[in-house]
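Student: okay, structure incoming, though there's no sequence with it:
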């Protein structure tokens, strides 16, 4: 799980908005489980509703995806682009909602800054323009884009809503670029729900 290369499919847009991530005193980790990334001594907390899956078992863990060509296509495109970057992608499925997946991969450390953000912005814009051009009836809209930091890590977040205008169906695709003092991670979330796992990503320990 080492190289970044061009993991841009399913990502779009960055605005140079920086916020200081304050850590709440209350126990925000209730209702979570601690997981360890495959082949890595890296741990983080995610909701207990997620269970570990794999690209070979995904249709069993989310049976309805087999008959939903829109969602299946979104997932296959993302996995296809990621599998060249990381042979041990950590994939989790939320068992409490209709469609929600979490994919985590670690990469060589990158110092994410405004310059990197500008590069990502161009790449992501191109990817979504291609997505809309090649899939009539799909519309992509950026709904969140930000940078947050604390004394341990930096998180860049990009969130898009992809709408199927024929079925009025929405899919939310969120990507997080995370950099600690030791290494970097890319986290993809694909969901039918607008809620995302942002707050849990601050629990990463490497």
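Tutor: Cool, the structure landed. Nothing here was measured: the structure is a model prediction, and the numbers come from that model.

Student: lowest-pLDDT helix or strand in the protein?
Tutor: strand 18-20 (a mean of 42; mean pLDDT, DSSP states H and E).

Student: which SSE is residue 115 in?
Tutor: Using DSSP states H and E, residue 115 maps to helix 114-134.

Student: typed the wrong thing, it's residue 190
Tutor: strand 184-191.

Student: ok, residue 73 next?
Tutor: Counting by DSSP H and E, residue 73 is found in helix 69-82.

Student: count the neighbours of residue 98 for me.
Tutor: 13 (other Cβ atoms under 10 Å). C-beta coordinates here come from the backbone N, C-alpha and C atoms, glycine included.

Student: make sure it is indeed in a strand.
Tutor: No - counting by DSSP: H, G, I helix; E, B strand; the rest coil, residue 98 is not part of a strand but coil.

Student: identify the residue nearest it in space, chain neighbours excluded?
Tutor: Of all residues beyond its chain neighbours, the one nearest residue 98 is residue 192 (5.1 Å), with distances taken as Cβ to Cβ, 6 or more residues apart in numbering.

Student: let me know the pLDDT of the one you found.
Tutor: Turning to residue 192, the model gives it a pLDDT of 91.

Student: that older thread, which other helices and strands contact the helix holding residue 115?
Tutor: strand 138-149, strand 153-164 (3 or more Cβ pairs under 8 Å, 6 or more residues apart in numbering; DSSP states H and E).
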